[in-house]
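> sequence plus predicted model, see below.
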Amino acid sequence: MSTVLKPGDTFGPITYPLTRADLVAYAEASGDPNPIHQDEEVARSVGLPGVIAHGMLTLGLAGRAVATWTDGAEVVELGCKFTNPVVVPADGAVEIVVSGTVKKVEDGLATIALEAMCNDVKVLGMPKAVVRA
Amino acid sequence: MPVDQSLVGREFPPTSQRAVTPDDVAAFASALGGPSDNGADAAIPPTYPIVLAFDAMNAFLAAEQIDLFRIIHGEQRFAYERPIRIGDRLTATLTVASLRQIGGADIIGTSSAIHDADGALVCTAKATLVHSGGPA
């Protein structure tokens, strides 16, 4: 890995658009057929505001951003809470905006605090990646 | 119908082995918008083990007769012992770590240990699943 990470380094924001077609592609590639990611009626029947993106799709985009910023550093930890749903309209796209800050570098590991926003709302709770620095 | 409290601590059988193929990885990376922007296109996305964890969760839901559409993902954490590589043959073994009820929903904590064909731990995938109950 060629990128040197230092505490306080900031990355992004990178914007990733998401459409219903992306949800279909992610469902197929990940093997997650949950209809709350495809079907408005089912989503509303379980109390959701509409069709939502897979939380793992949003976290996957955050992981992609980390790979971009760190030149593909080895990830040893990645995680978050899914705090707010990403509602994806039938037409058009929503935007996921990912940014990150290096919090600490020790013992060869860099901890990157992430942020993922959609319509100015944080959609992931305390997303964090630890990479080999 | 609330999920049975006696599930806590139960380990479910390992999933059938899944080979990590270039095609599957490419499809997964492509669904996240393509290879990472720096050209590290051989890299396996760090969230790829969710495919294994999802296999294990599906088997768990089927065993407990829980509908997938009533499940919302509350939290996910991966801890890697080593990177996943093309050619790995992986299984996932799910354990129910915790269970509590809040406002009619079951909050199910699971931990899926992902092992390679030699039995070595590759990744631990911890998920919190929120089950929205529905008619009893």
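That came through fine.

> enumerate the residues of chain B near chain A.
B:24, B:27-28, B:30-33, B:36-38, B:40, B:43, B:45-47, B:50-51, B:54-55, B:68-80, B:83, B:126, B:128, B:132, B:134 (CB under 8 Å from any CB of the partner chain). All C-beta spots, glycine's among them, are computed from the backbone N, C-alpha and C.

> show me these that map onto helices.
Cross-referencing the residues of chain B next to chain A against helices under DSSP state H gives B:24, B:27, B:28, B:30, B:31, B:50, B:51, B:54, B:55.

> need the max-distance pair from these.
B:30 and B:55 (20.3 Å; CB to CB).

> now the longest strand belonging to chain B: buried residues?
When chain B is parsed with DSSP state E, its longest strand is strand B:89-102. Buried residues in strand B:89-102, counted by 16 or more other CB atoms under 10 Å in any protein chain shown: B:90, B:91, B:92, B:93, B:94, B:95, B:96, B:99.

> dump these to JSON lines, plus pLDDT.
Listed next are these as JSON lines, based on pLDDT from 0 to 100:
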{"residue": "B:90", "pLDDT": "98"}
{"residue": "B:91", "pLDDT": "98"}
{"residue": "B:92", "pLDDT": "98"}
{"residue": "B:93", "pLDDT": "98"}
{"residue": "B:94", "pLDDT": "98"}
{"residue": "B:95", "pLDDT": "98"}
{"residue": "B:96", "pLDDT": "97"}
{"residue": "B:99", "pLDDT": "96"}
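
> nearest to residue B:60 among those residues?
Distances from residue B:60 to the buried residues of strand B:89-102, taken by CB to CB, are shortest for residue B:94, at 5.2 Å.

> Provide the partner residues of that closest one in its beta bridges.
Per DSSP bridges, the residues bridged to residue B:94 are residue B:112.

> for the residue nearest to residue B:73 when sequence neighbours are not counted, what are its contacts?
Leaving aside its chain neighbours, residue B:73 sits nearest to residue A:55 (4.2 Å; criterion: CB to CB, 6 or more residues apart in numbering or on different chains). Applying CB atoms under 8 Å, 6 or more residues apart in numbering or on different chains, we find residue A:55 in contact with A:82, A:124, B:73, B:76.
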